[in-house]
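Peer 1: I'd like to go over a predicted model; first the sequence, then the structure.
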Amino acid sequence: MVRLVSIAGAYAGWVQFQQLQYFVAVAETRHFTRAAESVHVAQPSLSQQIRALERELGADLFQRARGNITLTDAGEALLPLARRILADADTARHEVQELAQLRGGRVRLGATPSLCTGLLPDVLRAFHDRYPGIRLLIEEGGSHDLVRLLARGALDLALVVLPLPTPSPALTTVELLREDLVVVSSPDAPAPGGPGRRTVRVPDLEGERLVMFRHGYDLRELTVAACRAEGFEPVFAVEGGEMDAVLGFVRAGLGVAVVPRMVATRSGRGLRVTPLARPGLHRTIALAHRSDVAPPRAARELQRMLLER
């Protein structure tokens, strides 16, 4: 039986940290020479360390065939654990290296594209003005992808839409805001719901041609679910875009879209913005981080600023 449970204690010593780095490099490239180049070590040295790791674990991690490297079951089981250990060590290194009074360091923040457009610019500007030495690394993605990156230790914080696609006790979430959704359309196109309407209801979208986000996008699922709850299937004029593309297609008159109010306010030039009549549509934004590891000091400060905004 492979002693994978002991990998969690790899820092303590019997598995070398460097061996895990080499293992992950080979697992990701599926090639020993390219893996050696990526970690700046000679290929024989990398192969020797991989064999030493396999001896320590008591199992082969790779199936080696000419021109074809694949993970064994033991390798598949080890890979997510090794990635987490490496990510945690990297986070710890940056935490220790931070200078006094937050004059150095980094924050790795994940957010959906709509939040990058609507919420984050002002908050990140205030954070940068206060802590100009902190590097801000932003990862755009859907909530599902961001949750996975958090679990792997590749992010310090993430702004996600609740409820999470896959709830996990390994993550701590704090509700940040409840955001209204609005309908945007081209001023040159007929107003959704008819001329002179100051608000529009979800049933009014029946028959409207919608500009729709890609699969996996939170706003896509929310809009489609709302239409189906009213007994109709939405019609798509264009689908598959990110936020900027969707707004551009709407400006061009290809159809209407349901977007967050903050996005419409910030990016509404060339758009007609029509609120949804009560009860309307809303989404809940939360700030998430791993439960088992406290965010680095700089990330905790950004977290405080987001919660106090």
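Peer 2: Looks like it came in fine.

Peer 1: I69: how many residues sit nearby?
Peer 2: 17 (other C-beta atoms under 10 Å). Heads up, the C-betas are built off the backbone N, CA and C, glycines and all.

Peer 1: was I right about A288 contacting R148?
Peer 2: No. Contact between A288 and R148 fails when scored by C-beta atoms under 8 Å: they sit 11.7 Å apart.

Peer 1: show me where this structure has strands.
Peer 2: Using DSSP state E, the strands found in the chain span residues 62-65, 68-71, 106-111, 135-140, 157-162, 171-185, 209-213, 235-241, 257-260, 272-275, 282-290.

Peer 1: List of residues touching the fourth one?
Peer 2: Where contact means C-beta atoms under 8 Å, 6 or more residues apart in numbering, the residues beyond strand 135-140 that reach it are 105-113, 116, 120, 124, 127-128, 146, 149, 154-155, 158.

Peer 1: returning to what we had before: more neighbours: A288 and R148, which one.
Peer 2: A288 (23 against 17).

Peer 1: Enumerate every residue touching the more buried one.
Peer 2: Counting by C-beta under 8 Å, 6+ apart, A288 touches 146-147, 150, 157-160, 164, 171-174.

Peer 1: Run a quick neighbour tally on the nearest residue to V39 once chain neighbours are set aside.
Peer 2: In space, and not counting its chain neighbours, V39 is closest to A25: 5.0 Å by C-beta to C-beta, 6 or more residues apart in numbering. By the measure other C-beta under 10 Å, the count of residues near A25 is 20.

Peer 1: Enumerate every residue touching A25.
Peer 2: With contacts defined as C-beta under 8 Å, 6+ apart, A25 is in contact with 35-36, 38-39, 46.

Peer 1: try F232
Peer 2: 203, 206.

Peer 1: tell me the phi and psi of it?
Peer 2: Main-chain torsions, F232, degrees, to the nearest 10: phi -140, psi 160.

Peer 1: could we number from 869 for the rest of this?
Peer 2: Right, with 869 as the first residue, what we last looked at is F1100.

Peer 1: Check the spacing between it and R1168 real quick.
Peer 2: F1100 sits 46 Å away from R1168, going by C-beta to C-beta, to the nearest Å.

Peer 1: for Q911, same thing?
Peer 2: 41 Å.

Peer 1: same deal with H996?
Peer 2: 16 Å.

Peer 1: Ok, R1088 next?
Peer 2: Counting by C-beta to C-beta - R1088 and R1168 are separated by 33 Å.

Peer 1: higher neighbour count, the two?
Peer 2: For R1088 and R1168, the more surrounded residue by other C-beta under 10 Å is R1088, and the numbers stand at 21 against 16.

Peer 1: Does that one touch V1079 like I think?
Peer 2: No. Applying C-beta under 8 Å, one finds R1088 not in contact with V1079, separated by 10.8 Å.

Peer 1: count of neighbours near D941?
Peer 2: By the criterion of other C-beta under 10 Å, D941 has 11 neighbours.

Peer 1: Contacts only, for it.
Peer 2: If you count contacts by C-beta under 8 Å, 6+ apart, D941 has none.

Peer 1: For the strands of the chain, could you give me CSV that also reports distance to R1066 and mean pLDDT?
Peer 2: Conversion of the strands of the chain to CSV gives the following (distance: least, C-beta to C-beta, whole Å; pLDDT from 0 to 100):
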stretch, distance to R1066, mean pLDDT
strand 930-933, 64, 87
strand 936-939, 59, 90
strand 974-979, 32, 94
strand 1003-1008, 33, 94
strand 1025-1030, 28, 93
strand 1039-1053, 12, 93
strand 1077-1081, 21, 95
strand 1103-1109, 24, 92
strand 1125-1128, 17, 94
strand 1140-1143, 8, 94
strand 1150-1158, 19, 94
